[in-house]
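Student: pasted the sequence and its predicted model underneath.
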Amino acid sequence: MKPGFHLTRNGSRTVWVEYGPEEYRALWGGNEEDYFDYLAGVLESYKELSEVCPDSWLVRVPFDLEDYSAWAREHPGEAAGSDAHLVWAVEVARSSERLAALRERHRHKCSVPSRPPFQRPPVSRFGF
């Protein structure tokens, strides 16, 4: 699987794998600029997905090499597939405890925002 925004539908959930900078470099190499290009592509794809599937439950699964490797040893057939990371992510998304643990472990990574932050317009005050 090449880096990018890969997702899959699983019932009402849309699951995607989010790669942090360390995982990105370990899996595909590259430099910081390559990773930022990847993040920009993820953000653009996420915006498109939000428009196409506004009622879908979007589930972000941070990629964890240790957890994924353990899963791959237990599921060698699925791990050999081209979408192995997504198959793993769907399994992780089915367990709220496992997903919460991975999100806690990868708290400080860049993530795709769900909505642009609210910005207040400038306020002008006039005194008399």
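Tutor: Yes, it's here. Numbers count the residues shown, from 1 in each chain.

Student: near R73, how many other residues are there?
Tutor: Neighbours of R73 under the rule other Cβ atoms under 10 Å: 9. For glycine as for every other residue, the C-beta is placed from the backbone atoms N, C-alpha and C.

Student: grab the nearest non-local neighbour of it.
Tutor: Distances taken as Cβ to Cβ, 6 or more residues apart in numbering put A79 closest to R73, at 8.0 Å, once the chain neighbours are dropped.

Student: now do the one you found, the pLDDT please.
Tutor: A79 carries a pLDDT value of 92.

Student: over to N10?
Tutor: 72.

Student: list the residues that contact it.
Tutor: By Cβ atoms under 8 Å, 6 or more residues apart in numbering, the contact list for N10 reads 90, 93.

Student: please apply the same query to E23.
Tutor: By Cβ under 8 Å, 6+ apart, the neighbours of E23 are 63-65.

Student: out of those, which comes closest to V92?
Tutor: Closest approach between the contacts of E23 and V92, by Cβ to Cβ: D64, at 8.4 Å.

Student: is it true that the closest one touches H106?
Tutor: Yes. Between D64 and H106 there is a contact at 6.7 Å, judged by Cβ atoms under 8 Å.
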